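In: Take this sequence and fold it.
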Amino acid sequence: MTNSRTSSSKWCGVLILCWLILTGGLLQAELHIINSLWGFDGKVLPGRSALLTVEVENRDDREFSGEIILKSGRNGISQSGAVHSHEIYLSPGQRRWIQFHPYIKDIHNTHRLTWRGGEFDLNNPDFGPPATVLLADTDGLSASGARMRIFPENAFPASLAALSQLHAVAMDHVPRWDAVRRAAFLDWIKSGGTVHLLQGIDGKCPVFPEDLAALNEDKKPLQIGLGSVVFHNTPRHEFSEETLAGTGYPVAALQVKEGQPNTYYQDLNQGLLQKLSELSKADIAWHYIFVLTLFYIALIGPVYFIWRKKDYRFILALFLGSVVFFSVTFMTIGRRGYGESQVIHTLTLAKVMEPGRCNVTQWVNAFATKGGVYTFQHPSKSGYYATTDQQSIPGQVQEGKESAYLADIPLFSSQAFMFQSVMKCSTPDVQITKWETTGSAPEFELTIPPMNPGNIPTHVIVRHMDQFRELKKETDSLWTSSLPAQNADVIMSRDKLQQLDMWNYRRQKQPTTDLMDSLWPALMACAENRDLSFAKGETLEHRPLPAGILRVYIYTKSTQDLNPTAKGFASAPGNVLYVIDLPVPQP
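Out: Modelled structure (predicted):
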């Protein structure tokens with residue numbers, strides 16, 4: 001009797017233990033969301049991957065180890081796009097910042113953070129221009145008394161790819177950053193960011209360590225690449241947006257073009273992904289299907305009606321035979337499998353930061369001939385994946401240092417996604433071999449040797465200040481400025497971009513070469529942020545390039561070091577638009 005009770009007690013203990021483990025009672029600590037911030041000031045750009053910064057605290061005496069998942073949807077009901085997951089570990093009482101990079105097109109979507117044992121509903125972001133913020137240590141006293149929007153310096157992104165929605169920062173001390181964040185900060189300045197250095201508590205501007213020593217030069221203002229460093233004899237508690245406007249450095253603003261509608265209304269990213277998906281569509285023999293359908297209807301209708309008085313066994317056998325025959329025939333003709341292969345198609349925008357290193361935005365379409373869960377990853381092993389909110393195939397974005405995209409792709413289906421990262425890759429070697437400024441517009445020649453044998457650019461466009469010009473190919477490596485100059489509204493016209501509208505039913509199916517060759521204006525629009533559309537026809541205010549910079553756009557075949565990999569997939573030759581800033585030769 002005693003043994004029986006002991007055995008029953010053990011089994012009860014085991015069952016209780018299993019229940020606690022399954023419900024998270026033993027393993028999960030109590031998490032709290034302390035702060036959450038969209039972008040850098042609560043606003044994001046439409047049709048872009050947005051930065052979402054969340055401060056998480058473990059208020060339990062147990063450690064937390066697990067995933068925090070970001071889900072987005074419409075009215076809290078239907079899932080929109082892929083979920084984003086972040087694996088974290090928190091010891092008892094620990095706080096930390098984590099970041100997600102979801103794609104935001106509709107500010108009316110709802111967003112929710114979930115983890116085992118809890119959830120948190122986020123506020124929706126607003127649309128707005130790139131932010132100007134004060135970097136401050138929110139754990140110390142430096143955040144007090146500020147008259148500007150604050151962004152926590154210890155949550156500063158570790159990659160330039162996440163800084164596209166930051167216009168300018170103000171700071172009165174040297175942040176406690178690791179080398180990766182300092183490098184990202186310098187990359188951002190060189191790409192056009194503005195830094196406002198304020199007086200610290202000692203009345204002096206901060207002095208930066210060796211890897212940021214370029215900010216210490218005694219020039220006012222200081223030019224670093226396309227960016228600026230501005231010194232102010234003003235302490236933080238007196239510095240505001242009004243101060244910036246008064247010194248000639250206003251915050252980023254929206255503008256409305258008088259008498260001209262917005263450049264583009266639809267989602268350009270979705271249009272590019274839709275175009276890539278067309279490269280894997282089968283040419284199904286619909287005329288055979290229609291003819292067979294008519295025969296099938298005639299057979300099961302009038303023919304069987306005429307033969308209704310024949311032997312019922314004959315009629316039944318004929319009926320079953322015809323059903324089987326037409327089922328197999330429809331399946332054979334209508335199914336996928338017209339020579340398709342499991343392949344990845346890509347389209348890439350690569351802004352060259354230095355030879356062999358680019359800030360990459362990539363559009364990817366993966367077509368699977370075998371259903372399964374596939375993991376996509378790039379050579380950089382880090383970056384930001386996202387799907388548009390019109391994607392219906394289940395997917396999961398793994399955020400963090402080992403980022404990846406997991407997609408459950410059915411048989412003969414495709415999955416589209418986007419990727420952003422700073423990565424090492426092959427870059428063109430461009431040289432200005434001639435520069436003359438005798439007329440109203442400069443005349444020049446560029447040499448662009450092919451990156452691979454036969455890989456000759458199909459289009460080369462240059463921008464000098466506000467003028468664009470498509471160059472003429474004289475030889476395989478020589479391009480001249482003999483064609484007339486154009487403005488941005490012609491190069492990236494609304495008619496060209498509207499060809500990518502997914503709701504444009506007048507689109508004609510194009511051969512692969514023609515389709516890929518037609519996409520460079522859309523990539524230029526993305527590079528110049530001219531695809532963004534706000535309410536009331538507003539667009540971003542565009543600043544002219546400095547007169548000493550020639551921006552070169554090179555549209556050519558991409559190299560393998562840009563392509564993602566996944567088990568069982570081959571990479572088809574994609575196209576890339578390189579963006580390179582060259583100094584203009586001085587007389």
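In: Now stretch 449-463: average pLDDT?
Out: Computed over stretch 449-463, the mean pLDDT rounds to 90.
In: should've said stretch 396-404
Out: Taken as a whole, stretch 396-404 has a mean pLDDT of 92.
In: Same question for stretch 571-583.
Out: Per-residue pLDDT over stretch 571-583 has a mean of 93.
In: residues of that stretch that come out buried?
Out: 571, 572, 574, 575, 576, 577, 578, 579, 580, 581, 582 (16 or more other CB atoms under 10 Å). No exception for glycine: its C-beta is placed from N, CA and C like everyone else's.
In: Report the secondary structure state of the nearest residue to the fourth one once chain neighbours are set aside.
Out: For residue 575, the nearest residue in space outside its immediate sequence neighbours is residue 516; the separation is 4.9 Å by CB to CB, 6 or more residues apart in numbering. Residue 516 carries the three-state label helix when classified by DSSP: H, G, I helix; E, B strand; the rest coil.
In: what about residue 516, how many residues close to it?
Out: Neighbours of residue 516 under the rule other CB atoms under 10 Å: 22.
In: Enumerate every residue touching it.
Out: 347, 574, 575 (CB atoms under 8 Å, 6 or more residues apart in numbering).
In: Which of those fall within strands?
Out: Among the contacts of residue 516, the members falling in strands (DSSP state E) are 347, 575.
In: Distance check, the residue nearest to residue 575 against residue 528.
Out: 20 Å (CB to CB, to the nearest Å).
In: same thing with residue 227?
Out: Distance of residue 227 to residue 528, given as CB to CB: 17 Å.
In: cool, residue 149 as well?
Out: From residue 149 to residue 528 the distance is 26 Å (CB to CB).
In: the more surrounded of those two?
Out: residue 528 (19 against 16).
In: The more buried one and residue 487, how far apart?
Out: Per CB to CB, residue 528 is found 12 Å from residue 487.
In: returning to that earlier point: now do the residue nearest to residue 575, the pLDDT please.
Out: pLDDT, read off for residue 516, is 81.
In: Just give me the closest of the buried residues of stretch 571-583 to residue 69.
Out: Within these, the smallest distance to residue 69 is 29.7 Å, found for residue 571 (CB to CB).
In: List the contacts of the closest one.
Out: Listed by CB under 8 Å, 6+ apart, the contact partners of residue 571 are 343, 344, 346, 560, 563, 564, 565.
In: The buried residues of stretch 571-583 in helices, which ones?
Out: Assigned to helices by DSSP state H, none of the buried residues of stretch 571-583 qualify.
In: Farthest-apart pair in those residues, please.
Out: Across these (CB to CB), the longest gap, 30.9 Å, separates 572 and 582.
In: can you list the domains in this protein?
Out: 27-128, 130-252, 268-279+425-583, 286-334 (automatic domain parsing).
In: Helices along this structure, start to end?
Out: Going by DSSP H, the chain shows helices at 2-23, 179-190, 241-246, 268-277, 286-298, 304-306, 312-334, 488-491, 494-498, 512-517, 520-527.
In: quick revisit: now render the contacts of residue 571 as CSV, adding neighbour count.
Out: Compiled in CSV, those are given as follows (neighbours: other CB atoms under 10 Å):
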residue, neighbour count
343, 17
344, 23
346, 21
560, 13
563, 22
564, 22
565, 14
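In: and which of those residues is nearest to residue 81?
Out: Distance to residue 81, by CB to CB, is smallest for residue 564 among these, at 18.0 Å.
In: Residues in a beta bridge with residue 133, which ones?
Out: residue 169 (DSSP bridges).
In: ok, now residue 85?
Out: Residues in beta-bridge contact with residue 85 (DSSP bridges): residue 69, residue 398.
In: show me the contacts for it.
Out: For residue 85, the contacting residues are 67, 68, 69, 70, 396, 397, 398, 399, by CB under 8 Å, 6+ apart.
In: Now which of these would you call buried?
Out: 68, 69, 70, 396, 397, 398, 399.
In: how close does residue 216 sit to residue 407?
Out: From residue 216 to residue 407 the distance is 47 Å (CB to CB).
In: now residue 277
Out: Distance of residue 277 to residue 407, computed by CB to CB: 14 Å.
In: Please apply the same query to residue 458.
Out: For residue 458, the distance to residue 407 equals 31 Å [CB to CB].
In: Also residue 452?
Out: Separation of residue 452 from residue 407 (CB to CB) stands at 30 Å.
In: Who has more neighbours out of these two?
Out: residue 407 (26 against 11).
In: I figured the more buried one hits residue 366, correct?
Out: Yes - counting by CB atoms under 8 Å, residue 407 does reach residue 366; the two are 7.1 Å apart.
In: Residues that sit against both of those two, list them.
Out: Shared contacts of residue 407 and residue 366, defined by CB under 8 Å, 6+ apart, are found at 374, 376, 415, 417.
In: residues contacting residue 455?
Out: Taking CB under 8 Å, 6+ apart, we find residue 455 in contact with 556, 557.
In: And residue 240, by the same measure?
Out: The neighbourhood of residue 240, defined by CB under 8 Å, 6+ apart, consists of 147, 148.
In: How about the one 10 residues further on?
Out: Contacts for residue 250 were tallied using CB under 8 Å, 6+ apart; they are 241, 244.
In: Backbone torsions only: list them for it.
Out: Backbone torsions for residue 250, taken as degrees, to the nearest 10, come to phi -70, psi 160.
In: looking at this protein, which helix or strand is least sure?
Out: Here the helix or strand of the chain ranked lowest by mean pLDDT, DSSP states H and E is helix 2-23, holding a mean of 50.
In: all strands of the stretch 1-150 of the chain, in order?
Out: Assigned by DSSP state E, counting those that start in this stretch, the stretch 1-150 of the chain shows strands spanning 31-38, 43-44, 48-49, 52-58, 64-74, 78-79, 83-90, 95-100, 103-104, 109-115, 118-122, 126-127, 131-136, 150-152.
In: Save these as JSON lines, and put in distance to residue 288 and mean pLDDT too.
Out: Below are the strands of the stretch 1-150 of the chain laid out as JSON lines (distance: least, CB to CB, whole Å; pLDDT from 0 to 100):
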{"stretch": "strand 31-38", "distance to residue 288": "52", "mean pLDDT": "93"}
{"stretch": "strand 43-44", "distance to residue 288": "49", "mean pLDDT": "93"}
{"stretch": "strand 48-49", "distance to residue 288": "44", "mean pLDDT": "90"}
{"stretch": "strand 52-58", "distance to residue 288": "50", "mean pLDDT": "95"}
{"stretch": "strand 64-74", "distance to residue 288": "40", "mean pLDDT": "90"}
{"stretch": "strand 78-79", "distance to residue 288": "37", "mean pLDDT": "66"}
{"stretch": "strand 83-90", "distance to residue 288": "41", "mean pLDDT": "94"}
{"stretch": "strand 95-100", "distance to residue 288": "48", "mean pLDDT": "95"}
{"stretch": "strand 103-104", "distance to residue 288": "40", "mean pLDDT": "91"}
{"stretch": "strand 109-115", "distance to residue 288": "43", "mean pLDDT": "91"}
{"stretch": "strand 118-122", "distance to residue 288": "52", "mean pLDDT": "93"}
{"stretch": "strand 126-127", "distance to residue 288": "49", "mean pLDDT": "90"}
{"stretch": "strand 131-136", "distance to residue 288": "57", "mean pLDDT": "94"}
{"stretch": "strand 150-152", "distance to residue 288": "61", "mean pLDDT": "94"}
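In: ok, the nearest residue to residue 234 once chain neighbours are set aside - contacts?
Out: Nearest non-adjacent residue to residue 234, counting by CB to CB, 6+ apart: residue 198, 5.8 Å away. Residue 198 makes contacts with 170, 171, 172, 205, 232, 234, 235, 236, 239, as judged by CB under 8 Å, 6+ apart.
In: show me what contacts the second one?
Out: Contacts here follow CB under 8 Å, 6+ apart; on that basis residue 171 touches 134, 135, 153, 195, 196, 197, 198, 206.
In: And for the fourth one?
Out: Contacts for residue 205 (CB under 8 Å, 6+ apart) come out as 172, 197, 198, 199, 231.
In: repeat for the first one
Out: Neighbouring residues of residue 170 by CB under 8 Å, 6+ apart: 132, 133, 134, 135, 148, 195, 196, 197, 198, 236, 239.
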